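*Asks:* Provide a 3D model corresponding to the input given below.
(chains A and B)
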Amino acid sequence: MDTPVATSLSQLFTGSRGVVAAIQGGREMTGRLAAMGLTPGAEIQVLQNLGRGPVLAKIRDTRIALGRRQASLVFVHECRSQELPAPGRPFPGR
Amino acid sequence: MSADPRSFRPRGVPSPDADQRPILIGLAGQPNVGKSTVFSILTGLSQEVGNWPGRTVERREGNARLEGRRFHVVDLPGTYSLTSNSEEEHIARDFILQERPDVVVMIADAAALERNLYLLAELLLLPIPVVLGVNMVDVARREGIEFDAHVLEAALGIPVVPMVASRNEGVSDLLAKAAAVAKGEITCEPDRPEIAESHREVFAELKTLMSAWLPEGVPADWAAIKLLEGDRQVTEQAESWLPEAHWNRVHELLLAHEDAVLDVAGARYEWIGRMVRAALRRPRLGQVSLTDRLDRLATHPAWGLVLLLGVFGAVFWLTFSLAGPVQTWLDERVVSSVAAGLERALSSAPAWVSGLLVDGVVAGAGIVLTFVPILLVFFLALGLLEDTGYQSRMAYVMDRFMHRIGLHGKSFLPLFLGFGCNVPAVMGSRVIESRPARLLTILLTPFVPCSARLLVLAFMVPLFFPAHPTLVAWGLVVGNLVVIAMVGLLLDRFVFGRERLAFVMEMPLYHVPNPRTIVLLALSNVWMFIKRAATVIVVVSVVIWVLVSFPGETVDESWLAAIGRTLEPVGQFMGLDWRLIVATLSAFVAKENSIAALGVIYGADADGLGRLLQAAVTPASALAFLVVNMLFVPCVATVAAIRQETGTWRWTLASVGLMLIVALLMGTIVYQLAAAAGLGAAGA
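*Replies:* As a prediction, the model looks like this:
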């Protein structure tokens, strides 16, 4: 499930883009998020992440606010511009 | 049922069977798609509000007419899907499966068509034909999204109607298509999503296992998909439908395929992608839309908060400065003159008859009436915030604060409004979708000191604490807020515990509000309050009148005084004698009554009362009295509103009980502390 480059949504900076890799959490939560457009394979863009409080993201033309805990259960393959190494971007531990 | 033997009739010809059964339409759609605008255009003033049987969710329905055809439209709750995660989703699909509408009309948002079609993918599995109305094409165009209805129609195999409901464009076309489908003039052969390859075999086996045992009207495809999605209701029902051997096998399959839920969802989006591929044109990447630009301000950590406080202030100000004078006018002119007229008309009747009618019934009805302007203005403001899309931004900005006491971002507006009046505050909690969060908000709201309670505070504090009135008053209010936060923390921890739902909320695009929708919704909300709360309020008003007026001549000899004296041993802990207890009890009708009641008991007017109280009551007792009055006895109108919003007496009584306990506890603590600090002597 956790491919090495999948980052938790709560760790992504405002403005980053990517593709949803995996969603953890119960079946109920997964189902709810799926109905709102959040499924693995969907493109996602982080509209706002202030480092605390909810995260605002755009998926399938929908702006969704996710509580911090929920955001930490969504994993994203971040798409960075090919050449730019994007220094200083933190990755979750491990 | 939907099989209608009546033959084809050209449109426009008045139908001879006009008095026969109207076409039953279920109006479905995800939240924030302008469904209530469509509903209000279709049904206008004919709409009726009730509750879904056995549920706390409102059921709105009404009648429509087009070219001589009659329609009965039922507004289904807005849901993202039809899995039984929430009460709303249950209701929507039970309606379709059990009440069997002739046609389901689904409204979709053109600006988020893909996500909206997820619901369509679920609806198409049910045995009722669907007509799709794609709404807000103007908003979508502004965001750079274009779609072609004909292409989408060809792909989906069902009628597709482009609409701008806020300008009444496409609504009658939608109704005409719905009628044609219901009458069999248009046959739908929809393209349905198929399950992903990896689960096709399991799906087929589940279907075979169940097919012979499903009750009539439950499609096997649908039941099998729902099982794979882990739908609680269908899983429970399947256990009762199937013979044990079959169920065991089903259970085994489900355990082995727990991951199916994402596969089912993935297959739906894959199908959606195919459906819209040719019909949808999206904006260039990086195009900044109006919503994005507005959100830069509205969701900004600092400016967003400033804007929000400004908007809250405006709502508060509008509600109370616009409605306040009307309220006073109604109270002084209408209610008083009705009371005076009635008193004159009953001058020859026995005193108790006129007392009962004037001081009991008319006074109670007057309370109901005087709440109308406040509620109307409040619901208009709330409707405006919701219809423009700003409301979810407020919730987003406030969530990081409210979250800490287990509340939802949307809980802030009701709580804030509670300072003016608890009644609209309790009713405002309906904007919170998750029931645990809504209940928690409803339980906390009556603890917010409303303006009537602040009035009592403003009267009493200067009498007893002439040296530091502002400090004491602020101390009491701040203490009250701390109590709210603590009660919130405790309830969240021990009552709602893990039940609290996650914060996941859509932020719709901004759009120009539709005045008609807002006004109709506000009117129907106010009417609901009158209908449901009036009885409770009038009955309580009469009961209190009886308790005060009998058996003796004066309050001293009344039953209420007797109750006060009985409660005196409890009151002692808080330094309250029977007079202060009676004043507290009489505040049940309306909070400001406690002062009036003290006046009656001490037989004095407002000025004289001050001096008498100073002499008879110690500052410690006064402090405890204020604490108890701020925390306890939600006024009867608030209780009626709580009953209406929670839908049960159980939660209503729980709320009153909770307040009683907290008030007694805090009253005792404050009195004991104050007495220990030397405030226990009169005239300090």
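
*Asks:* Return the distance of the helix or strand bottoming out on mean pLDDT in chain A from the chain's centre.
*Replies:* Lowest mean confidence among the helices and strands of chain A (mean pLDDT, DSSP states H and E): helix A:27-35, at a mean of 85. Relative to the chain's own centre, helix A:27-35 is displaced by 15 Å; criterion: CA atoms, centre = their mean, to the nearest Å.

*Asks:* pLDDT averaged over the helix or strand that it is followed by, what's the number?
*Replies:* Per DSSP states H and E, helix A:27-35 leads on to strand A:43-48 as the next helix or strand towards the C-terminus. Averaging pLDDT along strand A:43-48 yields 93.

*Asks:* Is chain B within reach of the least confident helix or strand of chain A?
*Replies:* Yes. Using CB under 8 Å from any CB of the partner chain, we find that helix A:27-35 touches chain B at A:27, A:28, A:29, A:30, A:31, A:32, A:33, A:34, A:35. C-beta here means a position set from N, CA and C on the backbone, and glycine is covered the same way.

*Asks:* What is the burial count for the nearest residue to residue B:301 once chain neighbours are set aside?
*Replies:* Nearest residue to residue B:301 in three dimensions, chain neighbours excluded: residue A:50, at 5.6 Å (CB to CB, 6 or more residues apart in numbering or on different chains). Residue A:50 has 13 neighbouring residues, counting by other CB atoms under 10 Å in any protein chain shown.

*Asks:* Correct me if wrong: residue A:50 contacts residue B:300.
*Replies:* No. At 9.7 Å, residue A:50 and residue B:300 do not qualify as touching, with contact defined as CB atoms under 8 Å.

*Asks:* Longest helix in chain B, please.
*Replies:* Longest helix of chain B, by residue count under DSSP state H: helix B:515-549.

*Asks:* Could you list the buried residues of that one?
*Replies:* The neighbour-count check on helix B:515-549 (16 or more other CB atoms under 10 Å in any protein chain shown) flags B:517-518, B:520-522, B:524-526, B:528-529, B:532-534, B:536-538, B:540-542, B:544-549 as buried.

*Asks:* which other helices and strands contact whichever helix or strand comes after it?
*Replies:* The helix or strand immediately downstream of helix B:515-549 is helix B:559-572, counting by DSSP H and E. With contacts defined as 3 or more CB pairs under 8 Å, 6 or more residues apart in numbering or on different chains; DSSP states H and E, helix B:559-572 has these neighbours: helix B:515-549, helix B:578-586.

*Asks:* so how far is residue A:67 from the residue in the stretch 351-500 of chain B positioned nearest to chain A?
*Replies:* For the stretch 351-500 of chain B and chain A, the shortest gap (CB to the nearest CB) falls at residue B:400, measuring 3.1 Å. Noted for residue B:400: a distance of 9 Å to residue A:67, by CB to CB, to the nearest Å.

*Asks:* ditto for residue B:401
*Replies:* Distance of residue B:401 to residue A:67, given as CB to CB: 13 Å.

*Asks:* Those two: which is more packed in?
*Replies:* Neighbour count, other CB under 10 Å: between residue B:401 and residue A:67, residue A:67 has more, with 21 against 13.

*Asks:* got the phi/psi numbers for that one?
*Replies:* Backbone torsions for residue A:67, taken as degrees, to the nearest 10, come to phi -60, psi 160.

*Asks:* So residue B:88 sits against residue B:58, correct?
*Replies:* No. Assessed by CB under 8 Å, residue B:88 is found out of contact with residue B:58, at 10.4 Å.

*Asks:* Which of the two has more residues huddled nearby?
*Replies:* Taking other CB under 10 Å, residue B:88 and residue B:58 do not tie; residue B:88 has more neighbours (20 against 16).

*Asks:* Excluding sequence neighbours, find me the nearest residue to the more buried one.
*Replies:* Per CB to CB, 6+ apart, closest to residue B:88 is residue B:77, 3.6 Å.

*Asks:* Equivalent analysis for residue B:521, please.
*Replies:* Spatial nearest neighbour of residue B:521, excluding adjacent residues (CB to CB, 6+ apart): residue B:383 at 5.3 Å.

*Asks:* isn't that neighbour right up against residue B:520?
*Replies:* No. Checked against CB under 8 Å, the pair residue B:383 and residue B:520 is beyond contact range at 9.1 Å.

*Asks:* Now do the longest helix of chain B, average pLDDT.
*Replies:* Averaged across helix B:515-549, pLDDT comes to 82.

*Asks:* by contact count, what packs against that helix?
*Replies:* Counting contacts by 3+ CB pairs under 8 Å, 6+ apart, helix B:515-549 packs against helix B:35-43, strand B:48-51, helix B:351-355, helix B:363-388, helix B:422-428, helix B:559-572, helix B:636-646.

*Asks:* got a list of contacts for the third one?
*Replies:* Counting contacts by CB atoms under 8 Å, 6 or more residues apart in numbering or on different chains, the residues outside helix B:351-355 that touch it are B:342, B:343, B:346, B:347, B:545, B:549.

*Asks:* 6 Å instead, please
*Replies:* If you take CB atoms under 6 Å, 6 or more residues apart in numbering or on different chains as the criterion, helix B:351-355 is touched by B:343, B:346, B:549.

*Asks:* Burial check on residue B:256, number of neighbours?
*Replies:* By the criterion of other CB under 10 Å, residue B:256 has 10 neighbours.

*Asks:* Who are the contact partners of it?
*Replies:* Counting by CB under 6 Å, 6+ apart, residue B:256 has no contacts.

*Asks:* Please repeat the previous calculation with a cut-off of 8 Å.
*Replies:* residue B:202.

*Asks:* go on, residue B:51?
*Replies:* With contact set as CB under 8 Å, 6+ apart, residue B:51 has these partners: B:57, B:58, B:59, B:647.

*Asks:* just curious, which of these is nearest to chain A?
*Replies:* Scanning those for proximity to chain A, where the rule is CB to the nearest CB, the winner is residue B:57, at 17.5 Å.

*Asks:* Identify the contacts common to residue B:400 and residue A:67.
*Replies:* Both residue B:400 and residue A:67 are in contact with residue A:54, where contact means CB under 8 Å, 6+ apart.

*Asks:* got the contacts of residue B:51 as CSV, with distance to chain A and secondary structure columns?
*Replies:* Putting those into CSV (distance: CB to the nearest CB, whole Å; DSSP: H, G, I helix; E, B strand; the rest coil) gives the following:
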residue, distance to chain A, secondary structure
B:57, 17, coil
B:58, 22, strand
B:59, 22, strand
B:647, 23, coil
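
*Asks:* Next, give me the two most distant ones among the residues you listed.
*Replies:* The distance between the two most remote of these (CB to CB) is 12.1 Å, for B:59 and B:647.

*Asks:* And the pLDDT for the closest residue to residue B:552 other than its chain neighbours?
*Replies:* What sits nearest to residue B:552 in space, not counting adjacent residues and going by CB to CB, 6+ apart, is residue B:558, at 5.9 Å. For residue B:558, the model assigns a pLDDT of 80.

*Asks:* which residues sit in contact with residue B:558?
*Replies:* Contacts for residue B:558 (CB under 8 Å, 6+ apart) come out as B:547, B:548, B:549, B:550, B:551, B:552.
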